[in-house]
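Trainee: coordinates for the following, if possible.
(2 chains)
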Protein chains: 2
Amino acid sequence: MSLKVPSLDKLVSELSKLPGIGEKTAQRLAFYILKSSPSLNLGLRESLKGVAENIHPCPVCFSYTEESSECRICLDPSRDHDKVCVVEDPSDIARIESSGAFHGKYHVLLGSISPLEGIQPEDLKIQDLVQRIDSSSEIKEVILALDADLEGDTTALYLSRLLSEKVRITRIAHGVPFGTDIDYIDQRTLGRALENRVEL
Amino acid sequence: MSLKVPSLDKLVSELSKLPGIGEKTAQRLAFYILKSSPSLNLGLRESLKGVAENIHPCPVCFSYTEESSECRICLDPSRDHDKVCVVEDPSDIARIESSGAFHGKYHVLLGSISPLEGIQPEDLKIQDLVQRIDSSSEIKEVILALDADLEGDTTALYLSRLLSEKVRITRIAHGVPFGTDIDYIDQRTLGRALENRVEL
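Mentor: The predicted model follows:
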């Protein structure tokens, strides 16, 4: 499906590269952009330029920041300095922040150990985490908030062996998600939920 | 949900303006763009700039074009000059072209008559269509391919009264879509399908 307008086809092809956006959705978006006021197009371009030019990794936690030194969370003196939550991606921080349940610092690994995909511990920000713990006397607990999959489990195991003599290591609970009927839970999740049961 | 990175929040807010993209999807897209290679970001920006700077309406049919004069379909000598298909939006042309069932020319109204939304015939490219028919001795048939809704019906009625003495006016068939079970068809569509039945 094409109007034989090369610029339009190019936009459709670029939009199709985004996750969850197929060719049909990309066409719908492209026609919407064309039909809308020029400010929509300009706003998109400027915000894309903004993230490309302004955002870089925080040198301490490897989350995203625009600050010239550390990110706002690392710089925030009101946050607990004794707890570091380890996540795979910066987007996980945003998710945890929105829960409002954690007030410590973060450390982003930028991935998880995956022998299948050839991702080794040295490809991740694990050594930086060790240095961060070694150089700070404040960090008492490392909370692992990794994905609940094989790679997340492997990474958690690796980190617990590496760090257990330095700090307390905990992992976020795996179990039945809030609002879910037990009938619909897979057996592995249910097995974990039983294993990790807590006293009432 | 935010990392307190203004450029990132700005991109999420711009992406949320697109149809069918809620805040959560916008965040997923923004994080994907951040995580991807800079060429993805640059490709998006350049293609957005491309459509903003290169595309303008064809002076004859009001579809999109990059050519300095008429659009590629208007310029194509191999297309039937005696048939003009009238559509509401340029995206409708792309849809009809992909069906491969039409080889004439097009005319885009850029909307449909809607008293409720205050869109009058003079707000659309209707006068341009009349002039186009008057100034050409070649156009023998005008095929209306308007949306199957109240506004499309109103516009079709208006155009048929306006043009019926000048050219033959037809309208694309409304009926049961291909691959659909009669059980699932609403009564209005079924009523039209019966009304517009054809001889076998």
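Trainee: need the residue closest to the centroid of chain A.
Mentor: By CA atoms, centre = their mean, chain A has its centre lying nearest to residue A:89, at 2.6 Å.
Trainee: where does it land on pLDDT?
Mentor: On the pLDDT scale, residue A:89 is placed at 94.
Trainee: how much space between it and residue A:72?
Mentor: Counting by CB to CB, to the nearest Å, the gap from residue A:89 to residue A:72 is 18 Å. Placement of C-beta: from N, CA and C, glycine included.
Trainee: my read: the residue nearest to the centre of chain A touches residue B:32, true?
Mentor: No: contact criterion CB atoms under 8 Å: residue A:89 and residue B:32 do not qualify, at 10.4 Å.
Trainee: quick one: mean pLDDT over whichever helix in chain A runs longest.
Mentor: Counting residues, the longest helix found in chain A (DSSP state H) is helix A:38-54. What helix A:38-54 shows for mean pLDDT is 96.
Trainee: what pairs with the helix or strand following it, and is each one parallel or antiparallel?
Mentor: Sequence order places strand A:56-57 as the next helix or strand after helix A:38-54, per DSSP states H and E. The pairing partners recorded for strand A:56-57 under DSSP bridges are strand A:64-65 (antiparallel).
Trainee: what's in contact with the strand it pairs with?
Mentor: A:55-58, A:71-72, A:90, B:3, B:5, B:8, B:34 (CB atoms under 8 Å, 6 or more residues apart in numbering or on different chains).
Trainee: for residue A:171, grab phi and psi.
Mentor: phi -130, psi 140 (degrees, to the nearest 10).
Trainee: what residues are up against it?
Mentor: A:143-146, A:156.
Trainee: hmm, try it at 6 Å
Mentor: A:144, A:156 (CB atoms under 6 Å, 6 or more residues apart in numbering or on different chains).
Trainee: now it: how far from residue B:121?
Mentor: Distance from residue A:171 to residue B:121, by CB to CB: 67 Å.
Trainee: still on that earlier bit, with distance to residue A:14 and neighbour count as added columns, please give the contacts of strand A:64-65 in TSV.
Mentor: Output for the contacts of strand A:64-65, formatted as TSV (distance: CB to CB, whole Å; neighbours: other CB atoms under 10 Å in any protein chain shown):
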residue	distance to residue A:14	neighbour count
A:55	20	18
A:56	24	12
A:57	25	15
A:58	29	24
A:71	29	27
A:72	31	15
A:90	23	25
B:3	25	25
B:5	23	26
B:8	20	26
B:34	16	21
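Trainee: lowest-confidence entry in those residues?
Mentor: For those, the pLDDT minimum is residue B:3, 77.
Trainee: can you give me the strands for chain A?
Mentor: Along chain A, the stretches classed as strands by DSSP state E are A:56-57, A:64-65, A:83-87, A:105-108, A:141-144, A:168-171.
Trainee: name the surrounding residues that touch the lowest-mean-pLDDT helix or strand in chain A.
Mentor: Every helix and strand of chain A was ranked by mean pLDDT, DSSP states H and E. The lowest is helix A:187-195, at a mean of 86. Here helix A:187-195 makes contact (CB under 6 Å, 6+ apart) with A:174-176.
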